[in-house]
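> below are the sequence and a predicted model; questions follow.
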Amino acid sequence: MSTTLATSPAARDLADVTRIRLTDPDAIRRAALARPKFDAAGLARPLFILAADHPARGAVAAGGDATAMGDRHELLARCVEALSRPGVDGFLGTPDLVEDLTLLGALDGKLVLGSMNRGGIPGASFELDDRFTCYDARGIEEGGLDGGKVLLRVDPADPGTAETLSGTAAAVNELAERRLLALIEPFKSVREGGRVRNILEPDAQIWVNNIASALGRTSAYTWLKVPVVPEMERMMASTTMPTLLLGGEGGGDPDAMYASWQQALRIEHVRGLIIGRTMLFPADGDVAGAVDTAVSLLGRES
């Protein structure tokens, strides 16, 4: 895929991004301040948000390729292409990606969420002690972002979970103080053979949704990000919060995947999709086609 990207206010292409980082790093701050922001009225419609915060915790596999997201130039090119498609409302990422895409002008007018805890490196002994190593609420506010996202994996047998719960509650508080959205992605997790596995079953998701919803001194700005599981309506009855559906690593049957999303989107407080790897690395390589198909599932009025 070409690394020549769309015309932008600050950088024309990836080589220009590196040049700016070398010679004028403050241009990143200026570009963030100048970036046209998302119109909050758009929150009333079903949303499509592109997610690409996986590489920051070393999770670079996608679509059956163990290092698909590890090539930053390729990843950025695919993000720019996806973000340019009609109906794409926003982006979730870590500071490095958000800043590159801001320089390239790819986030103009988008809802942008900053990923906050990426310290839970897959396979590490401390994986479930998922520290806040990326954005904090101050950085999200100063960068002109719309909110922050937290990955919350709860394993009652792992003492590191306590630190992650406490950190998530603090993040909810600090975002709410700034009237910024707090998107929590909760899972009930278990460690098997040294590896952490998320339990994608309705009862487990009901359990952890209730824990996540109660974190912090107010839930006024809290949204959830949940997987599609069996018995979605029963699972979603566990919360009143606006909720986005996540996509997962991909690599399965895309028609079945799209059908499951479409069915889940019929639930009233499911407010859209926040999808990354299955859009950026579809089996047929057609990023634009994958994004257009996903957006069409939202059932927006034309």
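That came through, no problem.

> buried sites along the longest strand seen in the chain?
As assigned by DSSP state E, the longest strand anywhere in the chain is strand 181-192. Neighbour counts over strand 181-192 (16 or more other Cβ atoms under 10 Å) mark Leu181, Ala182, Leu183, Ile184, Glu185, Pro186, Phe187, Lys188, Ser189, Val190 as buried. (C-beta placed from N, C-alpha, C; glycine too.)

> pLDDT weak spots in the protein?
Scanning the chain for pLDDT under 70 picks out the ranges 1-9, 248-251, 301-302.

> redo that, cut-off 80
1-9, 248-252, 301-302 (pLDDT under 80).

> could you pull out the strands for it?
With strands called from DSSP E, the chain shows them at 47-51, 90-93, 111-115, 147-154, 181-192, 195-198, 222-226, 243-246, 270-275.

> sheet partners, orientation included, of the first one?
As defined by DSSP bridges, the strand partners of strand 47-51 come to strand 90-93 (parallel), strand 270-275 (parallel).

> can you list contacts of the longest one?
I take that to be strand 270-275. 46-51, 89, 92, 183, 223, 225, 236, 242-247, 261, 264-265, 294, 297-298 (Cβ atoms under 8 Å, 6 or more residues apart in numbering).

> likewise the shortest one?
Contacting residues not belonging to strand 90-93 are listed as 38, 47-53, 79, 83, 98, 101, 106-107, 110-115, 146, 149, 183, 274, 276 [Cβ under 8 Å, 6+ apart].

> so the longest strand of the chain versus strand 222-226, what angle?
For strand 181-192 against strand 222-226, the angle by axes from the mean of the first three to the mean of the last three Cα atoms, to 10 degrees is 40 degrees.

> against which helices or strands is strand 181-192 packed?
strand 147-154, helix 160-177, strand 195-198, helix 202-213, strand 222-226 (3 or more Cβ pairs under 8 Å, 6 or more residues apart in numbering; DSSP states H and E).

> adjacent strands (with direction) for that strand?
Using DSSP bridges, the strands paired with strand 181-192 in its sheet are strand 147-154 (parallel), strand 195-198 (antiparallel), strand 222-226 (parallel).

> out of the ones you listed, which gets nearest to Ser213?
strand 222-226 (6.8 Å; Cβ to Cβ).

> the closest one: how far from the chain's middle?
Strand 222-226 sits 11 Å away from the centroid of its parent chain (Cα atoms, centre = their mean, to the nearest Å).

> circling back: now the strands of the chain in TSV, with distance to Leu33?
TSV is the format used below for these (distance: least, Cβ to Cβ, whole Å):
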stretch	distance to Leu33
strand 47-51	22
strand 90-93	17
strand 111-115	13
strand 147-154	18
strand 181-192	20
strand 195-198	38
strand 222-226	25
strand 243-246	27
strand 270-275	25
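
> so which of those strands gets nearest Thr161?
strand 147-154 (5.5 Å).

> ok and that closest one relative to helix 160-177, angle-wise?
160 degrees.

> just the buried residues of strand 181-192 now: which is nearest Ile121?
Relative to Ile121, the closest of the buried residues of strand 181-192 is Ser189; by Cβ to Cβ it sits at 14.5 Å.

> measure the closest one to Leu245 for me?
19 Å (Cβ to Cβ, to the nearest Å).

> Asn210: how many residues sit nearby?
Asn210: 12 surrounding residues under other Cβ atoms under 10 Å.

> what number of residues lie near the nearest residue to Arg118 once chain neighbours are set aside?
When the adjacent residues along the chain are set aside, Arg118 lies closest to Ala56, with 4.0 Å between them (Cβ to Cβ, 6 or more residues apart in numbering). For Ala56, the tally of surrounding residues (other Cβ under 10 Å) stands at 20.

> any idea how far the longest strand of the chain is from the chain center?
13 Å.

> ok, which of the strands paired with strand 181-192 comes nearest Gly160?
Gly160 sits nearest to strand 147-154 of all the strands paired with strand 181-192, at 9.5 Å, using Cβ to Cβ.

> that concludes my questions; thank you for your assistance.
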